[in-house]
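Engineer: Curious how this folds, go ahead:
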Amino acid sequence: MTNKVNILTDAGADVQTISAALALRLKQHRKLQKLSLDELSRRAGVSKGMLVEIEKGNANPSIAILCKLAAALGISVADIVNVASAPAVHVIAASDIPVLWQGPSGGSARLLAGSSGADMVELWRWEMQPGELFASSGHSQGTFELFHVEQGVLSLMVDGVVHHIAAGDAAVARTDVPHHYANQGSEQLLFSMTVAELSPLRSAR
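Structural biologist: Residues are numbered from 1 along each chain as shown. Down below sits the predicted model:
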């Protein structure tokens, strides 16, 4: 299993070109806020060396690292990967929807759409093959996720407790604690997920 980000908009896409585009957007957001690499490293809890490699387009950051950088910059992951919606309707072509995780057996997680700014709402589409698992150390305080399983059974572990969500069922979970999604069954698992993460100022109200 790998938690690495694989930003592949389509089979055969030029990964280096996409990584370079991500690097440019991250650097633009950092410069706009007049943050040094040292300061962003401190705020995000990501090493300066990793930030340098990301901005050079050489690194393949995990979803967890992208979440930390987005939170530190007060933006959403969608802002970084450039699939954020504009205030008016913004249609995202299928070819522009990035794959942000790939499992060892062919599973994938696509960030279908996401809001822009610190109050983050994201829509994801997950496909997991038998035996695949994705783990997270937890998001910022107050984050919750909505799930709907289309096929298979989702084994959702939240704070050490495993819940099994069958096809057709839905769930709401607080994910500001360690959690993982897994396919412990014998058939393909398909589910959609919405992540809602409020900025620290709003969640503290």
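
Engineer: Give me the most central residue, this protein.
Structural biologist: Ile63 (4.8 Å; C-alpha atoms, centre = their mean).

Engineer: Compute the number of surrounding residues for Ser105.
Structural biologist: As a burial measure, Ser105 scores 13 neighbours (other C-beta atoms under 10 Å). For the C-beta atoms, the positions are set from N, CA and C on the backbone; glycine is no exception.

Engineer: roughly how far is the strand or helix carrying Phe147 from the heart of the chain?
Structural biologist: Taking DSSP states H and E as the criterion, Phe147 maps to strand 144-151. Counting by C-alpha atoms, centre = their mean, to the nearest Å, strand 144-151 is centred 15 Å from the centre of its parent chain.

Engineer: following it, which helix or strand shows up next?
Structural biologist: Moving toward the C-terminus from strand 144-151, the next helix or strand (DSSP H and E) is strand 153-158.

Engineer: got the angle between that following strand and strand 144-151?
Structural biologist: Angle, strand 153-158 to strand 144-151, by axes from the mean of the first three to the mean of the last three C-alpha atoms, to 10 degrees: 160 degrees.

Engineer: partner strands of strand 153-158, parallel or antiparallel?
Structural biologist: strand 161-166 (antiparallel), strand 179-182 (antiparallel) (DSSP bridges).

Engineer: now those strands in CSV, with distance to Phe144, mean pLDDT and mean neighbour count?
Structural biologist: Listed next are these as CSV, based on distance: least, C-beta to C-beta, whole Å; pLDDT from 0 to 100; neighbours: other C-beta atoms under 10 Å:
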stretch, distance to Phe144, mean pLDDT, mean neighbour count
strand 161-166, 14, 98, 12
strand 179-182, 11, 97, 20
